[in-house]
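> heads up, no residue letters with this:
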(Lines give C-alpha, C1' and ligand atoms only; values in the text may rest on other atoms or scores of the structure.)
Protein backbone atom coordinates (compact mmCIF):
# COMPACT_ATOMS: atom_id res chain seq x y z
CA UNK A 1 0.00 0.00 0.00
CA UNK A 2 1.33 3.40 -1.01
CA UNK A 3 1.52 5.98 1.74
CA UNK A 4 2.40 9.66 1.38
CA UNK A 5 2.31 11.62 4.61
CA UNK A 6 3.12 15.30 5.01
CA UNK A 7 4.06 16.90 8.30
CA UNK A 8 5.63 20.04 9.69
CA UNK A 9 3.01 22.64 8.91
CA UNK A 10 1.88 25.24 11.38
CA UNK A 11 1.35 28.90 12.15
CA UNK A 12 4.31 31.24 11.77
CA UNK A 13 4.81 34.98 11.58
CA UNK A 14 5.96 36.62 8.37
CA UNK A 15 9.71 36.31 8.04
CA UNK A 16 9.77 33.03 9.92
CA UNK A 17 10.70 29.54 8.84
CA UNK A 18 9.16 26.09 8.65
CA UNK A 19 10.36 22.72 7.45
CA UNK A 20 7.93 20.30 5.85
CA UNK A 21 8.48 16.57 5.49
CA UNK A 22 6.94 14.08 3.10
CA UNK A 23 7.38 10.52 4.30
CA UNK A 24 6.56 7.81 1.79
CA UNK A 25 6.33 4.05 1.50
CA UNK A 26 4.93 1.37 -0.77
CA UNK A 27 6.78 2.20 -3.99
CA UNK A 28 10.36 2.40 -5.27
CA UNK A 29 11.21 5.85 -3.99
CA UNK A 30 14.46 6.15 -5.97
CA UNK A 31 12.54 5.93 -9.26
CA UNK A 32 10.25 8.87 -8.65
CA UNK A 33 10.21 12.64 -8.65
CA UNK A 34 8.54 14.32 -5.68
CA UNK A 35 6.80 17.66 -5.84
CA UNK A 36 5.19 20.08 -3.44
CA UNK A 37 1.97 21.80 -4.42
CA UNK A 38 0.16 24.53 -2.53
CA UNK A 39 -3.55 25.19 -2.45
CA UNK A 40 -4.14 28.72 -1.18
CA UNK A 41 -7.57 29.62 0.22
CA UNK A 42 -10.07 29.87 -2.61
CA UNK A 43 -7.51 29.00 -5.27
CA UNK A 44 -6.43 26.02 -7.32
CA UNK A 45 -3.44 23.83 -6.55
CA UNK A 46 -0.20 25.46 -7.64
CA UNK A 47 3.16 23.80 -8.01
CA UNK A 48 5.82 25.12 -5.65
CA UNK A 49 8.89 22.92 -6.01
CA UNK A 50 10.00 19.56 -7.31
CA UNK A 51 12.99 17.26 -7.05
CA UNK A 52 13.72 14.57 -9.64
CA UNK A 53 14.88 11.06 -8.83
CA UNK A 54 18.38 12.26 -9.78
CA UNK A 55 18.23 15.18 -7.38
CA UNK A 56 17.61 18.00 -9.85
CA UNK A 57 15.49 20.70 -8.29
CA UNK A 58 12.88 23.14 -9.58
CA UNK A 59 11.17 26.08 -7.93
CA UNK A 60 8.37 28.40 -8.88
CA UNK A 61 9.71 31.95 -9.19
CA UNK A 62 7.89 33.23 -6.11
CA UNK A 63 9.82 30.91 -3.77
CA UNK A 64 13.27 30.90 -5.37
CA UNK A 65 15.92 31.81 -2.83
CA UNK A 66 13.55 31.18 0.07
CA UNK A 67 12.56 27.50 -0.23
CA UNK A 68 14.87 24.49 -0.47
CA UNK A 69 13.75 21.02 -1.50
CA UNK A 70 15.81 17.94 -0.70
CA UNK A 71 15.40 14.19 -0.53
CA UNK A 72 16.77 11.40 1.62
CA UNK A 73 16.53 8.20 -0.38
CA UNK A 74 17.53 6.11 2.63
CA UNK A 75 14.48 7.40 4.50
CA UNK A 76 12.11 7.63 1.51
CA UNK A 77 11.46 11.20 2.56
CA UNK A 78 11.45 14.61 0.88
CA UNK A 79 11.84 17.86 2.74
CA UNK A 80 10.85 21.43 1.96
CA UNK A 81 12.70 24.06 3.92
CA UNK A 82 10.87 27.37 3.89
CA UNK A 83 12.36 30.64 5.11
CA UNK A 84 11.48 34.33 4.88
CA UNK A 85 7.88 33.24 4.79
CA UNK A 86 5.24 35.63 3.50
CA UNK A 87 1.48 35.71 4.04
CA UNK A 88 1.00 34.71 0.42
CA UNK A 89 2.77 31.41 1.19
CA UNK A 90 -0.28 30.44 3.23
CA UNK A 91 -2.11 27.32 2.13
CA UNK A 92 -2.31 23.58 2.34
CA UNK A 93 0.90 22.00 1.11
CA UNK A 94 0.61 18.67 -0.67
CA UNK A 95 3.29 16.18 -1.55
CA UNK A 96 2.92 14.50 -4.95
CA UNK A 97 4.75 11.53 -6.46
CA UNK A 98 5.36 11.09 -10.17
CA UNK A 99 7.90 9.89 -12.70
CA UNK A 100 8.77 13.43 -13.80
CA UNK A 101 8.55 16.90 -12.39
CA UNK A 102 5.60 18.74 -13.86
CA UNK A 103 3.41 21.71 -13.03
CA UNK A 104 0.40 19.62 -14.04
CA UNK A 105 -1.36 17.77 -11.26
CA UNK A 106 -2.46 14.81 -13.37
CA UNK A 107 1.16 13.87 -14.06
CA UNK A 108 1.44 12.64 -10.47
CA UNK A 109 0.33 9.22 -9.33
CA UNK A 110 0.19 9.52 -5.57
CA UNK A 111 -0.76 12.37 -3.26
CA UNK A 112 -0.69 13.03 0.43
CA UNK A 113 -3.47 14.56 2.52
CA UNK A 114 -1.65 17.86 2.95
CA UNK A 115 -0.36 19.95 5.81
CA UNK A 116 -1.57 23.46 6.62
CA UNK A 117 0.87 26.37 6.58
CA UNK A 118 -0.38 29.72 7.83
CA UNK A 119 1.81 32.81 7.70
CA UNK A 120 0.51 35.76 9.67
CA UNK A 121 1.39 39.33 8.80
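Thanks, I have it. Computed from a predicted structure; not experimentally measured. Numbers count the residues shown, from 1 in each chain.

> and residue 88, what are its phi and psi?
phi -70, psi -10 (degrees, to the nearest 10).

> Which pLDDT value goes with it?
pLDDT, residue 88: 96.

> for residue 10, same thing?
At residue 10, pLDDT is 98.

> Off-centre distance for stretch 56-68?
Its chain's C-alpha centre and that of stretch 56-68 lie 11 Å apart, by Cα atoms, centre = their mean, to the nearest Å.

> Can you pull out the residues in contact with that stretch?
46-51, 69, 80-85, 88-89, 101 (Cβ atoms under 8 Å, 6 or more residues apart in numbering). All C-beta spots, glycine's among them, are computed from the backbone N, C-alpha and C.

> Would you mind stating the distance between residue 79 and residue 23?
Taking Cβ to Cβ, to the nearest Å as the measure, residue 79 falls 10 Å from residue 23.

> oh, I was asking about residue 92
Residue 92 sits 17 Å away from residue 23, taking Cβ to Cβ as the criterion.

> Now do the same for the residue nearest in space to the middle of the chain: its pLDDT.
Nearest to the mean C-alpha position of the chain, counting by Cα atoms, centre = their mean, stands residue 36 at 2.5 Å. Confidence at residue 36, expressed as pLDDT, is 98.

> Now do the SS call for it.
strand (DSSP: H, G, I helix; E, B strand; the rest coil).

> Return the set of residues that bridge with it.
residue 49, residue 95 (DSSP bridges).

> Begin at 45 from now on, thanks
All right, first residue 45 from here; so that's residue 80.

> contacting residues around it?
64, 66, 91-94, 113, 122, 124, 137-140.

> now do 6 Å
92, 93, 124, 137 (Cβ atoms under 6 Å, 6 or more residues apart in numbering).

> In CSV: the residues you listed, plus distance to residue 100 and pLDDT.
As requested, the contacts of residue 80 are exported to CSV (distance: Cβ to Cβ, whole Å; pLDDT from 0 to 100):
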residue, distance to residue 100, pLDDT
92, 16, 98
93, 11, 98
124, 16, 98
137, 21, 98
